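Peer 1: Structure for the following, please:
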Amino acid sequence: MLLVVAVSLAVVALLSFVMIKLLSSQGLTLARIGVSIPEDEAITSYVTSFVESMDSVKSVCTFEYMDEERAVKEFNEGKLQASVVIPSGFYHDVQVGLNPPAVIYFPEDPGLVGSLFKEVLTSGVSYLQTAEAGVYAAIDTAYTYGSAISIADIGQLLALDYVSEVLARDNLFESTSVSALGEMTLYSYYFVAGVIIILAFSGIAYSFMYERSSKAVNDKLRMNGINTFTGAVARVIAMTPFVYLTGMLLYFIGLIIGSRLEDDMTSYSSGVWAWMIPVAVIFAVYFEIVYDIAGRGKTGIFVLVIINVIGICISGLIVPPAYMSDITNKIGSYIPFRYISRLLSYAFYGIKGGVL
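Peer 2: Residues are numbered from 1 along each chain as shown. The predicted structure is shown next:
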């Protein structure tokens, strides 16, 4: 039994390591944008740094500042997804209404990240157009009716007010993270999954209780009034303490590993002692049903392994259900592993329903 648990633990550790690496990797590569700003454009550089710090911008791209020649060269070489070249005197010319164009180098087929940057750029241009319209309307009004401040100051004041409004729009929203793992971290998710997988394969160690050599013993028990149902209950009762102790051992091993990984959700819960009892009973009943249906000896072990592998794959213990099809999730809802994971999620972390 210890050998089965040790081998299962090694396999689960390797599997969890691979899945955590895959799920924690950056799913979307940020677009590299070359930005060329003349040295005399201090205000333009200042505004650009503000734009770069906005969540809507830094979530899809990174700005790399360089001269115009290098920006164009690296764009042509495919090293940059886009290049933005600001002309000299850009801010002053905008202020006086000349509207000099900034040159933007953009590929015909930008791909996903390039398309996202294009949407952000289009949104930014829309904000700029709205601000310009407001500034020019105020300047035209000042020319007609007069103003207490100069025309240049009107443009400066309104431009900064519009910029403040644009930058303040992030305050209108609350930051919410939506994860395929629900409230769990990667470690906590695969810790629960690992415990279930190891307990499921620990049933191999109980196959001796169903060997054909025990037929004489069963006949003797039957003569003493212990029928098939009573014998099944007796085997469930016999397996439950060992499954329970195995589960608790895995829990404390997980606490030790979690403390080393500095996982925020790792903390001792006294309720695990009670919640592990129904988990152990469910697994004991599961082993009894599988071995009774499959028959005796190696056939029972083979069937248990096959059912475990299929059940683990479709119940979301390896790949989170959010990444699986609706049909697979529907079938997986009939597998007991999904409900055991909910019990352990609540027992370990107090999360109702877990993520499965």
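Peer 1: average pLDDT for the helix or strand harbouring F337?
Peer 2: Here F337 is covered by helix 336-349, with elements defined by DSSP states H and E. What helix 336-349 shows for mean pLDDT is 88.
Peer 1: where do the strands sit along the protein?
Peer 2: Using DSSP state E, the strands found in the chain span residues 31-36, 61-65, 82-85, 103-105.
Peer 1: Let me have those in a markdown table, adding distance to E52, mean neighbour count and mean pLDDT as columns.
Peer 2: In short, each C-beta sits where N, CA and C put it, glycine included. As requested, the strands of the chain are exported to a markdown table (distance: least, CB to CB, whole Å; neighbours: other CB atoms under 10 Å; pLDDT from 0 to 100):
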| stretch | distance to E52 | mean neighbour count | mean pLDDT |
| --- | --- | --- | --- |
| strand 31-36 | 9 | 22 | 88 |
| strand 61-65 | 5 | 16 | 88 |
| strand 82-85 | 11 | 22 | 88 |
| strand 103-105 | 16 | 15 | 87 |
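Peer 1: Same list (those strands) but as TSV, adding distance to E288.
Peer 2: Formatted as TSV, the strands of the chain follow (distance: least, CB to CB, whole Å):
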stretch	distance to E288
strand 31-36	57
strand 61-65	58
strand 82-85	64
strand 103-105	69
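Peer 1: of all these, which lies closest to A168?
Peer 2: strand 61-65 (21.2 Å; CB to CB).
Peer 1: now the closest one, how far from the chain's geometric center?
Peer 2: 25 Å (CA atoms, centre = their mean, to the nearest Å).
Peer 1: Tell me which strands that strand pairs with, and in which orientation.
Peer 2: Next to strand 61-65 in the sheet, as set by DSSP bridges, lie strand 31-36 (parallel).
Peer 1: Can you dump the C-alpha atoms of the partner strand in CSV for me?
Peer 2: This file holds the C-alpha atoms of strand 31-36, laid out as CSV (Å, rounded to 0.1, in the frame of the first residue of the first chain):
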residue,chain,number,x,y,z
ALA,A,31,2.9,43.8,-28.1
ARG,A,32,6.2,45.7,-28.5
ILE,A,33,5.6,49.2,-29.6
GLY,A,34,8.4,51.5,-30.7
VAL,A,35,7.9,55.1,-29.8
SER,A,36,10.1,57.9,-31.2
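Peer 1: Going forward, the N-terminal residue is numbered 476.
Peer 2: That works, and once the first residue is 476, the last one we named lands at strand 506-511.
Peer 1: outside of that strand, which residues touch it?
Peer 2: By CB atoms under 8 Å, 6 or more residues apart in numbering, the residues outside strand 506-511 that reach it are 523, 535-543, 545-546, 549-550, 554-561, 588-589, 591-592.
Peer 1: Torsion angles phi and psi at the spatially most central residue of the chain?
Peer 2: For the chain, the residue nearest the mean C-alpha position is S654 (4.5 Å; CA atoms, centre = their mean). When read as degrees, to the nearest 10, the backbone of S654 gives phi -120, psi 150.
Peer 1: Roughly how far does it sit from F758?
Peer 2: Between S654 and F758 the computed distance is 28 Å (CB to CB, to the nearest Å).
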